[in-house]
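Participant: Here is my input; please provide its structure:
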Amino acid sequence: MGVLAKFFDLLWGWADDRPKDWSGPPLSVEEQPACFVVRGHNGRALAYVYFEEELSRRLAAKSLTKAEARQIAANIAKLPELLQQTRG
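Facilitator: Numbers count the residues shown, from 1 in each chain. Below is the predicted model of the structure:
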């Protein structure tokens, strides 16, 4: 089992080595006031990517910009599709 597959097994809470069906609707990205939430097929929150819009606070906390956070969340949501391509 590849590293990416093991990551998703842990992410979704699967603890066995049976093949997984990654087909289905894509993961979704939902914008919140301070973060983007990546949700799984069942609506469960899988990742929170936080950002800060105020420059002084962002620099002090070394936070992501909204655009950077959006791109990271979008890339996380694409991971199952990439996994299917590698298993293809």
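
Participant: The closest residue to S28 other than its chain neighbours: what's it in contact with?
Facilitator: Leaving aside its sequence neighbours, S28 sits nearest to R39 (CB to CB, 6 or more residues apart in numbering; 4.8 Å). C-beta coordinates here come from the backbone N, C-alpha and C atoms, glycine included. R39 sits next to 27-30, 45-46 when contact means CB atoms under 8 Å, 6 or more residues apart in numbering.

Participant: Buried among those? Need that as a selection in PyMOL.
Facilitator: Of the contacts of R39, the buried ones go into a single PyMOL selection, burial set by 16 or more other CB atoms under 10 Å:
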select buried, resi 27+29+46
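
Participant: of all the contacts of R39, which comes closest to A67?
Facilitator: The shortest approach to A67 among the contacts of R39 belongs to V29, at 13.2 Å (CB to CB).

Participant: And what about the closest one, helix, strand or coil?
Facilitator: Three-state assignment for V29 (DSSP: H, G, I helix; E, B strand; the rest coil): strand.

Participant: hey, what's it bridged with?
Facilitator: V38 (DSSP bridges).

Participant: where are the low-confidence patches of this protein?
Facilitator: For the chain, the stretches flagged by pLDDT under 70 are 1-25, 87-88.
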